[in-house]
Structure formats: C-alpha cells, structure tokens
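1. Predicted coordinates and the sequence they were generated for:
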Amino acid sequence: MKVSKLAANLIGSEIVKIGNEVNELKAKGAEIANLTIGDLNSNIYPIPAKLKEEIQKAYQNNLTNYPPANGLLSLRKEVSKDLKNRWNLEYSPNDILITAGSRPLIYAVYKTIVDEGDKVVYPTPSWNNNHYAYLTSANGVEVKTTPENNFLPTADDLRPHLEGAVLLALCSPLNPTGTMFTKDQLSEICELVLAENKKRGENEKPLYLMYDQIYSNLTFGAKHFDPVSLFPEMKEYTVYIDGISKCLAATGVRVGWGFGPAHIIDKMKALLTHVGAWAPKPEQEATAKFYEEPENVDTFVEDFKAKLEASLKILHNGIQDLKGKGLAVESIEPMGALYLTIKLDYIGKTKPDGSVIENSSDLVFYLINEAGVALVPFSAFGEDKSEPWFRASVGGLDIHEIEVMMPKLENALNNLK
C-alpha cells in the first residue's frame, strides 16, 4: 500500500530497535543491564515529592481542560524568573513557549526557520538532528567531531559550513556524550555566527542557533555556558531548548520550554496550535508552584545529580579498570547529563561461534546476548556503523547493578578474538 514519500523513507529509531530486543529478552527472564535509554528508573529516581503533590492537587482541583496554547502564564512567569536568577538571562513571559517536553520545540524550531533545501548544520554525534533535518526537507550538513575535542564541534570544524546556512543546532551538555562546551569553545562559535550574520543582506534569512540546554542543571564541577550570556548580541539569533524532564527526573511529566527572539517564538506558538503539543495543564500548574520557591529546584537537583555522578564514576572507573587489564576500551570522564562515552574497539573481531562483528550494531547485540549489557552505538546519533563508540546511560540502573555487570562485560569482550 502506498504512503507518503516522507513516511516511506523515514528511518526508525535504532535506540527503539535495541530497546525492543532488550524488552523481549527481559520478558523471557534474562537479566539485562539496560544502559540504552536516556530515561530514568522512576523507582530509583522519583520526581520531587512536592512536585508530585502539586500534580495530584491540580488533578483533584479539576484542572483538566485545555491550557493556553503557549502555556500557563503562571508557569511562564516562573520560568522567566528562573532564567534571570539561574543564568542571568532576560526573557519576558511572552518570549517563552511551554510544550510537552522539548521535542515539539525542536521540531517547531526547524519548521519555523527551515525551508525545503535550506542548509542546516549540526555535529555528529548528536541527538535526532538528522531526523529533524529529514522531516523538514533540509539540506543537512553533518560535521564530524573527534574524541580529542570531547565530540564537540570547534569553530574550526564549523567554519567551512556556515556560509548560507539558516540553522546551527548545538547541545551542551551533549546527548549522547555527556560532555560540555568550555567558555572559549562556545565563544569562538558565537563569534562565527555573529560574523556570518553581519555578512547577510537585509532580505536574507539570518543564521540562527538552536541551543539545547536541557541538561544544563546536571553538571559535575564544570560550568555551563550559553550563547547570550557570553554575547548579548546573540539574543537576536538564539533559540533555547529547556525544561524539567532531565533536571527534575521528570521525563514522563512532559513540561518543556523554549525561549528566544519574539518573532521566532510567536511563529512557533502559531505552528504548535495546529499540532496540539501543549503540556498537560495539571503538570504545568504543578511546575509553576514548584518553581515559586527556587530552593525546591536547587535542593532536588543537587541530590539528584550527585547520585548520577556517583553512578557515572563507577562505570567510568570500571571501564578504566578494563583498559588497565589490556582490553581495547576507553571512556571519557563524564562532565554532565547522565551519559558516559565508551569506546569498545572490537569491530572486526570474531565471536566464539566463528561469526564476525561487522559493525557497532553487531557488537551491541552480541553484548546484549552474551554479557547482558545493552548500549547504544553512536550510529544512532549520525555516526558511521564502523565507529567503535557507544553511549551508556546510567539513569535506569543503581550502582550495584553497574558493579555486577562489569565482570560480565569483561568476560564477553575477552571471548572475542
């Protein structure tokens, strides 16, 4: 049966494919350390008790009709205050758009800025930019990054590609790597964006920067930097993506917010009125109440990120121990988010049954079956399947589960020849 060309050529999520395999094996009784999904086990990491209480109260008070399409004013006011207090960013409630998590915002940024054939620049690895570029018929330009730069693009990497581009998509802390821009790295990129826009004519579309900082509160020692704080003149060109899904362990609560130039945000609002991507009214009401007292956020985040950091360190140290034993592995010390970047240099090796690990996907499914360890290859984030790099998300496991899985991983890798 015929479907649209867009639907026919849409590539499904590799992460979902791996997750389905894990779930099937678990249903059969297998013990799998699932490091794939960028989510949280809500029994290990529940949302803040006060947020839960306020959500329940909002439902009891029958706040179950449509919210305003751009979000409750009470929540937009609290977000505006938080941006000022936390990052010294000045955005009025009218410059803020509330949606059901950050995905509708990212889609709306692409649809608002990008015309068919427009150039969009984004690094690899990065989360879903290749799919959003496809969905908007953009000319997606992928900029390959290196482990030496923590898989973050440098100004030199981007410089050859920005001429004529309408959108540059960046994320820090980065999904999938958990690494972050330094002040100098981000400053040099902002200078490129500003220089490129100075060259544009009055009737030319500017080069906008979409800056995804959904993990900005989950940083371990390193400081989070953002474009407008570094260069106030970037305010005209920067659209931010943010929300509670990661910092409050609230991935299923679905409250995200975007903010940026009024003419972009207003068009995003209009677009999403036709999509119906608003966050549920009770969750918005509860989030507004929770943010009325900044210490609610600060207290929860400090405890939550300390637990994440402890898990990431256990995993990182475990990989480094394997490296010390002579295994062909590496990991990059985590800086933020809930991800560890791991190198397993075993592509081309032979399994005990005589078959060969042809690519990163083969290695993923070998480790699921032989070690009970599930990772996501960087090919799910735009890299080639020949790359031996993987994302490990610690949000679904406790520290004990991570410790138990390490010998199984070691044994499975040692069985590859």
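-> On my side now, so go ahead. Numbering: from 1, shown residues only.

2. Can you measure across stretch 345-357, start residue to end residue?
-> This stretch, stretch 345-357, spans 11 Å end to end (Cα to Cα, to the nearest Å).

3. Quick one: mean pLDDT for that stretch?
-> Averaging pLDDT along stretch 345-357 yields 97.

4. Give me the contact list for that stretch.
-> Stretch 345-357 has contacts (Cβ atoms under 8 Å, 6 or more residues apart in numbering) with 328-330, 358-360, 362-363, 366, 386, 388, 413, 415-417. To be clear about C-beta, it is placed using only N, CA and C from the backbone, and glycine gets the same treatment.

5. Show the buried residues in these.
-> With burial judged by 16 or more other Cβ atoms under 10 Å, the buried subset of the contacts of stretch 345-357 is 329-330, 359-360, 362-363, 366, 388, 413, 416.

6. still on that earlier bit, which of the contacts of stretch 345-357 fall within strands?
-> Of the positions in the contacts of stretch 345-357, 329-330 sit in strands, assigned by DSSP state E.

7. Just the ones in helices from the contacts of stretch 345-357, please.
-> Among the contacts of stretch 345-357, DSSP state H puts 360, 362-363, 366, 413 in helices.

8. which one among the contacts of stretch 345-357 gets closest to residue 130?
-> The nearest member of the contacts of stretch 345-357 to residue 130, counting by Cβ to Cβ, is residue 360 at 16.1 Å.

9. and the closest one, what is it in contact with?
-> 347, 377-379, 385-390.

10. Tell me the one of those nearest residue 318?
-> residue 390 (14.0 Å).

11. close enough to count as contact, the closest one and residue 373?
-> No. Using Cβ atoms under 8 Å, residue 390 is not in contact with residue 373; the gap is 10.1 Å.

12. avg pLDDT for stretch 150-159?
-> The pLDDT scores in stretch 150-159 average 98.

13. in it, what's buried?
-> 150-155, 157-158.

14. Can you name the residues in contact with that stretch?
-> Contacting residues not belonging to stretch 150-159 are listed as 121, 123, 125, 143-145, 149, 168, 170, 172, 174, 177, 179-181, 185, 188-189, 191-192, 332, 335, 341, 389 [Cβ under 8 Å, 6+ apart].

15. For the stretch 101-250 of the chain, just list every one of the strands.
-> For the stretch 101-250 of the chain, the strands defined by DSSP state E, counting those that start in this stretch occupy 119-124, 139-144, 165-171, 208-212, 238-243.
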